[in-house]
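# pasting a predicted model and its sequence here:
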Amino acid sequence: MSRATTHPTMDATTNPYPERSEMSRFYPLNAKAPVTLFHDGHCPFCRVEVAWLGKHRHREHVKLVDIQAPSFHADAHATDFATMMGKLHVLDSQGQWYIGMDASRALYAVLGYRRLVWLSCLPGLRGVMDAAYRFFARRRVKLGRWWEKRRLKNQRHT
């Protein structure tokens, strides 16, 4: 069973996240291409990832949507901008949402890295990776500013 059938903010009466016992920890491997990756075009980390995806041999499996673009409207996806900015969102071709670290797993599964995704779903490793993602996601904007300043400083000295 997929983790989400609708976006988590769509309807307060719908639980898009079934109880852990109702789903497999490996459900991101069920993501069906093409997937839509909603990314922050202002984030330097996101820009690096998007540039890499643009060169990937399976780039046709991923549609990129910049949530910072004037043409993007979060309400068209039954959510809001702040929610989209808080965690990575991937929507697969079957209408299933993958959010946070599971969005990364779903993305990499459709790109052909299924064995690595499977490993990242194993008990212990899954928890560590999920916690690391949450840590990074909460600090992404500040870390991005720091990284950009450092990169620019290094460019001036070379």
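Perfect, I can see it now.
# now do the same contact list for the most centrally placed residue in the chain.
By Cα atoms, centre = their mean, the mean C-alpha position of the chain lies nearest to Leu88, the distance being 3.2 Å. Listed by Cβ atoms under 8 Å, 6 or more residues apart in numbering, the contact partners of Leu88 are 37-39, 99-101, 103-104, 137. From N, CA and C alone the C-beta is placed, and that goes for glycine too.
# now do 7 Å
100, 103-104 (Cβ atoms under 7 Å, 6 or more residues apart in numbering).
# show only the entries of those found in strands.
Judged by DSSP state E, these include no members of strands.
# show me where the chain dips below the pLDDT cut-off.
Counting by pLDDT under 70, the low-confidence segments of the chain come to 1-23, 158.
# one more time with 50
1-6, 9-22 (pLDDT under 50).
# so which residues of it form strands?
So, for the chain - with DSSP E - the strands run 35-39, 62-66, 89-91, 97-99.
# who touches the first one?
The list of residues contacting strand 35-39 from outside it, by Cβ under 7 Å, 6+ apart, reads 46, 50, 61-67, 84, 89-93, 106-107, 110.
# let's see it at 6 Å
46, 50, 62-65, 67, 84, 89-92, 107, 110 (Cβ atoms under 6 Å, 6 or more residues apart in numbering).
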